[in-house]
Structure formats: C-alpha cells, structure tokens
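Trainee: Predicted model and sequence below, questions to follow.
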Amino acid sequence: MWVVQLAGDTSDLAALAQSLTENDINISHDGQDYVLMSDQFTEGDDANAVHQKAEGLAAVINGASRLALDAINSIRVGAVYRRREDGRRDIFVFPEPIVIRFRAFAPTMKLTHANGTVEESHPAEPVKQWARVALKNDAVGKVFRILAGGALDWMNLYRILEVVASDVGGLDAIDTNGWATKASMRLFKHTANSPGVLGLDARHGAEKTHPPKQPMAISEARALVNSIVHAWLRSKCP
C-alpha cells in the first residue's frame, strides 16, 4: 500500500483528517505524521508516479481548504513510502521542505439541542464533497488549483470568475441563479481591467475605457468571487 507523508498546519490537517476518510482521498494520523492514502495510488505505480498523483490531490485539497477553512498555508507532500505486509516501510524521499505550523482552530463544533442530543459539525466537511466533485469535474478542479496556486489578486480572481461563468453559461446565468448581480460583476471586471486604477496589477496594459468612478476594493472583489464560488459549489453538491 502506498502512503504519502503530509506537512503543513497541524490544525488544518487535523480538521481534514476528520472529514476525508473515504478511499478516494483519505487523510489520517499514523502516530507520527499525517498521511495521505488514495485508491488512485495503484500497485503498478512507482514512487514518482505516486508523488505526482499526490501533488495533484494536494492542489485540490489546498484549494478547497482555502475556501472552507480560510487556510493560509498550503499542505505539502513529503516522503512517499510503501507499507509492506510485515509492517516495514520502503521509503522514497523527495526534496520537499517539511513545514509544520499551528494556528488556533477548533476542528470540531458541538451543538446541544433542547432534547439533550448532541450534533457534531466538522468545518472541513465541505472539503470532502468538493474534492470528490473536483476529481470528476475539470472546472471545479481548475478553480481549486487557482485557489491553491497563488495570491487572490485581481488576475486570479478574474480567472476564477471566468471558469465559473464558462461552466454555467455566462455571467447572465450567474445573475439568473441569484449568485451575484450583473452590476457587481461589471464593476469587478471594469476595475480589474483598469490600469488607471490598478496600475501594473490590472489585466490590461492600456485603458480601453474610462476608469470606474467608484472602483471596487480588492476586499470587495474577494468577497464577491468567494460568494459566487460557494453558490456554484452548492449547485454541484446535492
């Protein structure tokens, strides 16, 4: 059985381990490290193939975690090893930095109802659903890779909106679905494209129209795209 060591924020890993328990993506603590297992790792794979597949899964998990857990630090893929039947390990070390961080985060929330029953909620539970969809849906996988791969600047936010719009049939469909208004999306695009407002951070090198009189702030842009992506993912997860 192939197993992949994970490194990163231990609070995020603990939360993910509570929810990612299926065969397609399984994160657990083996007594020493948090590890990743998946039925995508086959007996015919070599260590390099497993490492490459693990990197792809980690990108999906990181993107979904950024959305669900507001995760700041990426989870990284470390050593790959094969568990033998006698309990020993064949370890294959790849030159990835091992980073361990911790931030205050409660992996489990409990709600006690009036009748005395206790309901547990795991913040990483959406990651479980989203990651499963991402393995089958190219658009969802692409959004998570963008989220995992860089800063949420104007360029990446614009790319995410483009992916969602293309998947559902355009900005009109986003408006029709009630995920965002046309006015808010127009202002977002106008601001993102305006070098008069954003300078070198703009998508365009030259001003093609007049700059917006009241440009959108980056915090508003992130909130807008975040809301659209959440609504889009809810439509993908029955």
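Mentor: Perfect, I can see it now. Not measured: the values here are computed from a predicted model. Numbers count the residues shown, from 1 in each chain.

Trainee: quick one: contacts for Leu6?
Mentor: Neighbouring residues of Leu6 by C-beta atoms under 8 Å, 6 or more residues apart in numbering: Leu13, Ile27, Asp33, Tyr34, Val35, Leu36, Ala58, Ile75, Arg76, Val77, Gly78. Using the backbone N, CA and C atoms, a C-beta is placed for each residue, glycine as well.

Trainee: OK, contacts around Leu152?
Mentor: Contact analysis of Leu152 by C-beta under 8 Å, 6+ apart lists Arg222, Val225.

Trainee: What's the separation between it and Val225?
Mentor: 8 Å (C-beta to C-beta, to the nearest Å).

Trainee: What number of residues are in the vicinity of Ala47?
Mentor: 18 (other C-beta atoms under 10 Å).

Trainee: mind listing the helices for this protein?
Mentor: 10-19, 47-68, 125-134, 138-149, 154-168, 171-176, 182-193, 195-198, 218-236 (DSSP state H).

Trainee: Can you say which of the ones you listed is nearest to Arg82?
Mentor: helix 47-68 (7.8 Å; C-beta to C-beta).

Trainee: and the angle from that closest one to helix 218-236?
Mentor: Helix 47-68 and helix 218-236 are oriented at 110 degrees to each other (axes from the mean of the first three to the mean of the last three C-alpha atoms, to 10 degrees).

Trainee: tell me the angle of helix 47-68 relative to helix 125-134?
Mentor: Using the same axes, to 10 degrees: helix 47-68 against helix 125-134 is 130 degrees.

Trainee: Leu67 against Gln129, yeah?
Mentor: No. Using C-beta atoms under 8 Å, Leu67 is not in contact with Gln129; the gap is 11.6 Å.
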